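*Asks:* Take a look and give me a structure for this.
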Amino acid sequence: MNSTPSPTSVTTLPRRNQRRRPKRWLPWLGAVLLVALIVIGFVPQPLPVETARVTQGALRATVNEEGKTRIKQRYVVSSPVTGQLRRVPFKPGATIAAGDVVAVIEPMAATPLDPRSRALVEARRDSAAATLEKTRAAHALAMSELKRVQAMFDTGTVSPQDLEASKIRETVAAREVVAAEGALRAAETELAVNNPAAAPALVEVRAPVAGRVLHVFQESERPVTAGTPLLDAGDPADLEVVIELLSRDGAALAPGARVELEQWGGPKPLDARVRLVEPAAFTKISALGVEEQRVNVVADIITPVAERPTLGDNFRVEARVIVWENEKVLKVPVSALFRRGTGSAAYVVRAGRAVLVPVEAGRSSGSEVQVVKGLNAGDEVILYPGDRVSDGQRVQPVKI
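*Replies:* Prediction:
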């Protein structure tokens, strides 16, 4: 018996093959996608970089150092005599006027003479008085003789030699009178000085200038010798600043240079002007043990006293000395430049790539530097490029 296939069974087989056929392309599709991902992964991506614009504006070069204030005219009041200092009634900060009595000193009294010494001094005084009377008599006799010889010389009785000898004897007698008077005064003074009944007069020490008391060296009552410092006086409103700069920085300054004083205790910086760069430098050891040649730069404070009432003598300040300034200059951040050979260079972002550009730099303020040649206003430069940026590399500016 022969049986013929049904139409249904014949037509179903090709449909199953048609459903299985597309599955053979799936592995190829996955392979293509994998290769595409690998290729995309190896394509260099733009390097993210921080950038800044080249601008035009004010720039100034400064030298920053610590300074110290001091009063221009400082007076040290000292004891003029040796004696007992009475207590000084003034405290540091007290206001004084020129001529005010700031100290009183009782001169040291002489030591009284014992009876034997006093008798010897009195004997010398009596002997000096007798010698004086003797020399006066001799002088009177010499003067009489001179008059007599002069009259005889006028009549031609004596020779010129006799007249000359008479004049010499009168001169010698006159000088002996002067010496005897001095000896008598010395003896009388010795007796007067060593007289315990004669109390020495008090010595008043007066202020040489109007101002304020800065420091009192000797306040309590005590013996002092001549020349002992008693107190300092001056006018705190008349201040100047002394700044120790490196000698190479001081040599570049000129009188009249601007100085800004910061960290002095007030809210605003103080203005000052350089008055003097001392002509002699000195050697100073830095904190790192390096010998440095430094020079004192003296600047006058021009800010009114009303804006700095608490600033006094020997106060510490931070001085910013302006060496150079310009209100309109092409400038760029210092971090954008780097050394290349004997000069400087920078990377400029152009069409998404870093382009190496040689730059001629000028003055620097520490954070910004003057561009003399190589860059234009508005150029976008890369900050802190380092070794990760190369010429022609694709970059992507980012905001920090």
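*Asks:* all helices for the protein, in order.
*Replies:* 7-20, 26-42, 115-154, 160-193, 247-251 (DSSP state H).
*Asks:* Return the set of buried residues in the third one.
*Replies:* What that stands for is helix 115-154. 121, 124-125, 128-129, 131-132, 135-136, 138-139, 142, 145-146, 149, 153 (16 or more other C-beta atoms under 10 Å). C-betas here are computed from N, CA, C, even on glycine.
*Asks:* tally of neighbours for E292?
*Replies:* Neighbourhood size, E292 [other C-beta atoms under 10 Å]: 14.
*Asks:* Quick check, pLDDT for it.
*Replies:* pLDDT recorded at E292 is 92.
*Asks:* shouldn't it be in contact with L245?
*Replies:* No - with contact defined as C-beta atoms under 8 Å, E292 and L245 do not form a contacting pair (10.1 Å).
*Asks:* Next, show the common contact partners of these two.
*Replies:* Between them, E292 and L245 share no contacting residue under C-beta atoms under 8 Å, 6 or more residues apart in numbering.
*Asks:* Going by mean pLDDT, which of the helices of the chain comes out lowest?
*Replies:* Among the helices of the chain, helix 7-20 scores lowest, at a mean of 49.
*Asks:* bridging residues for K68?
*Replies:* Counting by DSSP bridges, K68 is bridged to V242, R316.
*Asks:* ok, it touching V317?
*Replies:* Yes - counting by C-beta under 8 Å, K68 touches V317, with 7.2 Å between them.
*Asks:* who has more neighbours, those two?
*Replies:* For K68 versus V317, neighbours defined as other C-beta under 10 Å are more numerous around V317 (24 against 15).
*Asks:* can I have stretch 334-347 written out in PDB, keeping just the CAs?
*Replies:* The C-alpha coordinates for stretch 334-347 follow below in PDB (Å, rounded to 0.1, in the frame of the first residue of the first chain):
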ATOM      1  CA  VAL A 334      53.300  82.100  36.200                       C
ATOM      2  CA  SER A 335      52.100  78.400  36.200                       C
ATOM      3  CA  ALA A 336      51.600  78.600  32.500                       C
ATOM      4  CA  LEU A 337      55.300  79.200  31.700                       C
ATOM      5  CA  PHE A 338      58.100  76.600  31.900                       C
ATOM      6  CA  ARG A 339      61.800  76.600  31.000                       C
ATOM      7  CA  ARG A 340      62.700  75.400  27.500                       C
ATOM      8  CA  GLY A 341      66.400  75.600  26.700                       C
ATOM      9  CA  THR A 342      67.600  79.100  27.600                       C
ATOM     10  CA  GLY A 343      64.200  80.700  27.400                       C
ATOM     11  CA  SER A 344      60.500  80.200  28.400                       C
ATOM     12  CA  ALA A 345      57.600  78.600  26.600                       C
ATOM     13  CA  ALA A 346      53.900  77.900  27.000                       C
ATOM     14  CA  TYR A 347      51.200  75.600  25.500                       C
END
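*Asks:* Pull the residues that contact it.
*Replies:* By C-beta under 8 Å, 6+ apart, stretch 334-347 touches 52, 332, 354-361, 364, 366-369, 374-375, 381-385, 389, 391.
*Asks:* Out of these, which end up buried?
*Replies:* The neighbour-count criterion (16+ other C-beta under 10 Å) marks 52, 332, 354-355, 357, 359, 361, 364, 368-369, 374-375, 381-383, 385, 389 among these as buried.
*Asks:* Among these, which are located in strands?
*Replies:* Among the buried ones among the contacts of stretch 334-347, the members found in strands (DSSP state E) are A52, V332, A354, V355, V357, V359, A361, S364, E368, V369, V381, I382.
*Asks:* For E190, see how far away R118 is.
*Replies:* Note on R118: its distance to E190, by C-beta to C-beta, to the nearest Å, is 10 Å.
*Asks:* If you could redo that for E325, that was the one I meant.
*Replies:* E325 sits 74 Å away from E190, going by C-beta to C-beta.
*Asks:* just M152 next, same as before
*Replies:* Taken as C-beta to C-beta, the span from M152 to E190 is 46 Å.
*Asks:* Next: R175.
*Replies:* From R175 to E190 the distance is 23 Å (C-beta to C-beta).
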